[in-house]
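Q: give the three-dimensional model of this entry:
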Amino acid sequence: MRLPDQPRNASNTTKRTVTRLLLTGLGLLCLVGCGSGSSGPDERSADPPSSTPATATEATATTDTARRPTDGPLAAAGPGFGFSPGAGLRDQDDNRLAADLDAAVQAGARWIRLDVDWSLVESEPGRYDWASHDRVIGAARDRGLEVLAMLAYTPTWARPPDTTDKHPPLDDGAFHRFAAAAVDRYRPLGVHTWQVWNEPNSSLFWSTGPDPEHYGRLLGPTVDAILSVDPEATVVSGGLAPGLDRPEDGWLSPESFLQRLAATGALARVDAVGVHPYSFPARPLDQSSAPWNTFLRLPAIRELLLELDAGPDTLWITEYGAPTGEHERAVSDAEQAILIIEALEAARDWPWLGPLFLFALRDLQAVPEDLEWNYGLIAADGTPKPAWDELLVWSETAGGR
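A: The predicted structure follows:
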């Protein structure tokens, strides 16, 4: 691992300088007004939480329990790393979108994780507006980036009054139909990798509180809907938020959620299990944080999947990162770089991991006191942080994966 204060070779210095000029120039065009969308860490706690046993409920098998193969499309997709900018890219103008996607390619990323937001696409039942998603997905594919398309978020007509788009749908079938329509739309562009919802083990993104049984009822038939349109598609379960059981706060640990989800039979339908093992302020492999550090627990989570024998034992890290800025829980720019590189290095040593997606590519806004807007490896004005510089070095010397 190369730390931020280590010397860099001339080729990387040139690459970094070109990136800085490009991003800073275009970033000034859109310093304000390219705000956050509906995806991202969203006030998740990185503090060591207290552990409270989850309340078990009866699990109901609702899906076909035949295991899906994991050595076909998943293996073809390959590992490597990518970026998970959430809805931020969709809000950018064409120049800034091009700059960020070009930067991702320059950094050696193979993947981009993009929201396909049901609440925007189908704001009225049966009427689809794909324009904003077409633009971003098309631009990513034009650059040869593989797309992990994350299906989530409920339109007003499909949820109870006075609720947010994070409320699970009242009619799961409506979501299944949307998923099939999305696959039909983007399969011709070469999008064959899908994720179903975001952080369903947290009430921040499953607003009624974690419900593995309901999520299982949503997940299994959604996989069937995807495969009915693209039989070779790869499907990843919703990336699970980090932490321990805190049911009183609307939170289940990845382990508790997966145990109950496995009992529904839905895990047998997916190719990989998504997880978001944010570890800040601790480093990914900091043993002193073992009781609560989800990144450090990834091998144990994989062992749990083997013991459950109810689906894949491959994990995809569909978000990982650390915020900088002036918030009391932010890390320094130098520490962010260390966390990012340590995570990438650890992922290289675990062959049962799929791609690792870094959240995020660019800060959402130039508001340093806001924790959620400062996960980027590049500042909102386009200035690369040390983590970006170190990623360029790592990608060239380590060759990604």
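Q: when you work out contacts or count neighbours from here on, use the C-alpha atoms and nothing else.
A: OK.
Q: for Trp194, helix, strand, or coil?
A: Here Trp194 takes the strand state, with states given by DSSP: H, G, I helix; E, B strand; the rest coil.
Q: where along the protein do the helices fall?
A: Ranges of helices in the chain, per DSSP state H, are 10-27, 73-77, 94-106, 118-121, 131-142, 172-186, 212-229, 254-264, 298-308, 333-348, 386-398.
Q: weakest of those helices by average pLDDT?
A: With a mean of 39, helix 73-77 has the lowest mean pLDDT of the helices of the chain.
Q: tell me which of the helices of the chain sits nearest to Gly239.
A: With C-alpha to C-alpha as the criterion, Gly239 lies closest to helix 254-264 of the helices of the chain, at 9.2 Å.
Q: got the angle between that closest one and helix 212-229?
A: Between helix 254-264 and helix 212-229, the angle comes out at 60 degrees (axes from the mean of the first three to the mean of the last three C-alpha atoms, to 10 degrees).
Q: and stretch 128-146, how far from the chain's centre?
A: Its chain's average C-alpha position is 17 Å from that of stretch 128-146, according to C-alpha atoms, centre = their mean, to the nearest Å.
Q: how about it as PDB, C-alpha atoms only?
A: Coordinates of each C-alpha in stretch 128-146 appear next as PDB, following Å, rounded to 0.1, in the frame of the first residue of the first chain:
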ATOM      1  CA  TYR A 128     -42.400   5.700 -18.400                       C
ATOM      2  CA  ASP A 129     -40.000   8.600 -18.800                       C
ATOM      3  CA  TRP A 130     -36.500   7.300 -19.200                       C
ATOM      4  CA  ALA A 131     -34.800  10.500 -20.500                       C
ATOM      5  CA  SER A 132     -32.600  11.400 -17.600                       C
ATOM      6  CA  HIS A 133     -31.500   7.800 -17.100                       C
ATOM      7  CA  ASP A 134     -30.900   7.200 -20.800                       C
ATOM      8  CA  ARG A 135     -28.500  10.100 -20.900                       C
ATOM      9  CA  VAL A 136     -26.300   8.800 -18.000                       C
ATOM     10  CA  ILE A 137     -26.400   5.200 -18.800                       C
ATOM     11  CA  GLY A 138     -25.700   5.900 -22.500                       C
ATOM     12  CA  ALA A 139     -22.700   8.100 -21.600                       C
ATOM     13  CA  ALA A 140     -21.300   5.400 -19.200                       C
ATOM     14  CA  ARG A 141     -21.700   2.600 -21.800                       C
ATOM     15  CA  ASP A 142     -20.200   4.900 -24.500                       C
ATOM     16  CA  ARG A 143     -17.000   4.900 -22.400                       C
ATOM     17  CA  GLY A 144     -17.000   1.100 -21.900                       C
ATOM     18  CA  LEU A 145     -18.000   1.200 -18.300                       C
ATOM     19  CA  GLU A 146     -20.000  -1.700 -17.000                       C
END
